[in-house]
Structures are given as structure tokens and as C-alpha cells.
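In: dropping a prediction and its sequence here:
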Amino acid sequence: MAYSSDTTTPVRGFIPPQNDEERRLMRRVEELCHVAEQRGIPRYTGFLSDREQVLAQAACHKAGFASMRFWGGYEQAERKVLCLEPEDAWQEEPVGYLKLMAMPAGDKKLPGHRDYLGAILGLGLDRVCLGDLLQDPENPAVFYAVALADKLDFIAAELTGAGRCPVTVTAEETLPERFLQQTERKEQDVSVPSLRADAVLAAMMHTSRTRAAEYITAGKVEINHLPLRAAHESVYAHDIFTVHGAGRYQVTRIGGKSRKDRIFISFFQY
């Protein structure tokens with residue numbers, strides 16, 4: 001597949017905070033940066049979504065604080081804690097791990113991701129206390145949860161069920177190795193008639209443009225973790241599409257054009 005040698009392919013710029021909640025997050029991160037720098041002590045947030053991580057990183061840049069990282073318990077985590085760790089300061093381990101094992105009786109259905117999320121939040125915890133929930137591919141009755149380290153004992157003591165199943169909870173030192181290994185994603189190549197969102201989404205999902213537009217109209221599509229409001233919106237390199245109930249896709253490259261004036265793109269499916 002041919003790609004343009006132009007290295008100045010435009011990418012979507014930073015999208016500023018869209019509401020009061022996002023503005024409060026950025027102010028809070030700036031405050032934590034100032035405390036970490038002035039007192040020389042590490043500061044940590046709760047778990048942040050992808051969009052919140054973008055805003056938090058921008059707040060760190062605004063505060064001029066460079067000693068930061070995101071950590072979600074394993075390399076490919078989606079929800080991550082912002083770790084502000086000044087040089088030479090002692091560091092904490094902000095997250096820990098729980099093994100959740102369902103013990104269904106009779107024909108009761110095994111709890112899924114939504115059941116566990118609801119059960120844990122039902123204990124009175126905020127969403128920021130909980131990171132990713134991972135089902136064990138080798139045992140569907142087992143999930144692993146990444147949570148803030150100071151919440152592990154509480155969850156282990158209080159969580160007794162999820163869905164309609166009893167659950168046992170044990171703290172773990174780490175996740176099983178299969179979760180820690182990075183999965184190599186296969187890049188796929190397609191061509192599109194234009195860089196309109198509906199055209200690109202249709203190509204990545206291997207569906208019709210009409211169907212892609214229906215997802216957008218129904219409010220089921222986000223680009224870079226913000227709602228996609230119009231099918232004609234332009235797509236840029238590195239844009240991440242989240243299609244609720246259908247998966248996630250990232251445009252990795254935008255290349256040249258074919259003889260029929262179609263545009264070459266490459267993408268990953270998560």
C-alpha cells in the first residue's frame with residue numbers, strides 16, 4: 001500500500017475542557033503538581049478515563065511539572081492513575097490487585113463486567129477507586145480487579161456477591177503473567193473515499209456507510225473519548241473511535257491516494 005512521504009500529516013489538536021467537571025479536574029491536577037513540587041512528596045489521583053488522562057497531562061504541562069507518569073496496574077490498562085513523583089522523593093505503589101471468584105449454584109449465570117462494577121460501586125465507592133476489570137480467559141468464573149491500594153482491604157471484606165452469585169475476594173501481589181504481556185495488534189489497511197467520519201468508520205468496521213452513520217446518529221460513537229456529533233466531521237491521524245457495544249479503533253496512518261482518488265489509511269482494532 002502506498003503512503004505519502006509527507007511527515008506533516010495533520011493530527012487533531014488538544015480539545016480543551018468541555019464542562020465544569022473537566023475544568024475542576026484540571027485545576028485539581030495543577031494543585032497536586034504544586035504540592036508535589038513545593039513539598040517534594042509524591043501525589044496521586046484516582047483512576048482516570050482516557051479523556052481525563054489527556055486533560056490531566058495538559059494540566060501537568062501548564063503547571064510545568066514533568067515528573068509524572070500514568071499507571072493502571074499493567075501496560076495496556078485503560079483506566080490509569082496519574083502519578084506525580086518528584087525526583088529523589090519516596091514513591092508509593094498507588095494500585096493493587098484483587099481476584100474475584102464467582103461460585104454459582106445451580107443454573108445461576110456467572111457475573112460479568114457490569115455485574116462486578118455495579119457490585120463494587122454499590123459498596124459506596126466512587127468510580128475513581130476502581131481501575132480495569134479483567135476476565136480470566138482461562139476461567140470465566142474469575143475476574144481480576146485493579147483498585148486503589150488503600151481500598152483493597154475494604155473491597156475484600158465487603159464484597160460478597162455480584163449479580164446473583166456469591167463471590168470470594170482475595171488480594172493478589174500481581175496480575176497473572178498473561179495479563180502483563182503486551183498483545184501485538186495487527187495493523188489493517190483500507191482505502192476510503194474521503195476522511196469523513198462515517199466513511200472511515202465504515203471501512204474500519206467493515207460495514208456500510210449507512211450503518212456507520214446510524215451508529216453516529218444514535219450517539220454510540222466517540223472520537224478521542226468525546227461524542228461524535230456529525231457524520232461529516234473530519235478524521236485525523238491517531239484518532240481513536242469508540243463504538244459502544246462494538247469496539248475501539250485507532251487510525252494509525254493516513255497515506256496517499258489511489259488512481260481512483262481513494263485515500264489509504266491504516267488502523268488498529270482493540
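Out: Okay, I see it.

In: look up which helix or strand Leu134 falls in, please.
Out: Assessed by DSSP states H and E, Leu134 sits inside strand 130-135.

In: any idea which helix or strand comes after that strand?
Out: Next element after strand 130-135 (DSSP H and E): strand 142-148.

In: which residues of the stretch 1-150 of the chain score low on pLDDT?
Out: Where the stretch 1-150 of the chain drops to pLDDT under 70, the residues are 1-9.

In: strands of that one, start to end?
Out: Applying DSSP state E, counting those that start in this stretch to the stretch 1-150 of the chain gives strands spanning 43-48, 68-71, 80-84, 95-102, 130-135, 142-148.

In: can I get those strands in a markdown table with mean neighbour count and distance to Val251?
Out: All C-beta atoms are positioned from the backbone trio N, CA, C, and that covers glycine. Below are these laid out as a markdown table (neighbours: other CB atoms under 10 Å; distance: least, CB to CB, whole Å):
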| stretch | mean neighbour count | distance to Val251 |
| --- | --- | --- |
| strand 43-48 | 22 | 23 |
| strand 68-71 | 16 | 22 |
| strand 80-84 | 23 | 22 |
| strand 95-102 | 21 | 30 |
| strand 130-135 | 21 | 24 |
| strand 142-148 | 22 | 28 |
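
In: which neighbouring elements make contact with the strand holding Leu134?
Out: Counting contacts by 3 or more CB pairs under 8 Å, 6 or more residues apart in numbering; DSSP states H and E, strand 130-135 packs against helix 113-121, strand 142-148.

In: just send these back as CSV, with distance to Arg164 too.
Out: Output for the helices and strands packed on strand 130-135, formatted as CSV (distance: least, CB to CB, whole Å):
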stretch, distance to Arg164
helix 113-121, 9
strand 142-148, 15
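
In: ok so, going back, ok, which of the strands of the stretch 1-150 of the chain comes nearest Val169?
Out: Val169 lies closest to strand 95-102 among those, at 5.6 Å (CB to CB).

In: sheet partners, orientation included, of the closest one?
Out: Strand 95-102 has the following strand partners under DSSP bridges: strand 142-148 (antiparallel), strand 165-172 (antiparallel).

In: re the thing from before, using CSV, list the CA coordinates for the strand holding Leu134.
Out: This file holds the C-alpha atoms of strand 130-135, laid out as CSV (Å, rounded to 0.1, in the frame of the first residue of the first chain):
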residue,chain,number,x,y,z
LEU,A,130,-11.5,1.2,40.6
GLY,A,131,-9.4,0.6,37.5
ASP,A,132,-9.8,-2.1,34.9
LEU,A,133,-11.9,-5.3,35.5
LEU,A,134,-10.4,-8.2,33.6
GLN,A,135,-12.0,-11.6,33.0
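
In: next one: that strand to chain centre, how far?
Out: With CA atoms, centre = their mean, to the nearest Å as the basis, strand 130-135 stands 11 Å off its chain's centre.

In: ditto for stretch 113-133
Out: The answer for stretch 113-133 is 15 Å, by CA atoms, centre = their mean.

In: now do it: distance from first to last residue.
Out: 7 Å (CA to CA, to the nearest Å).
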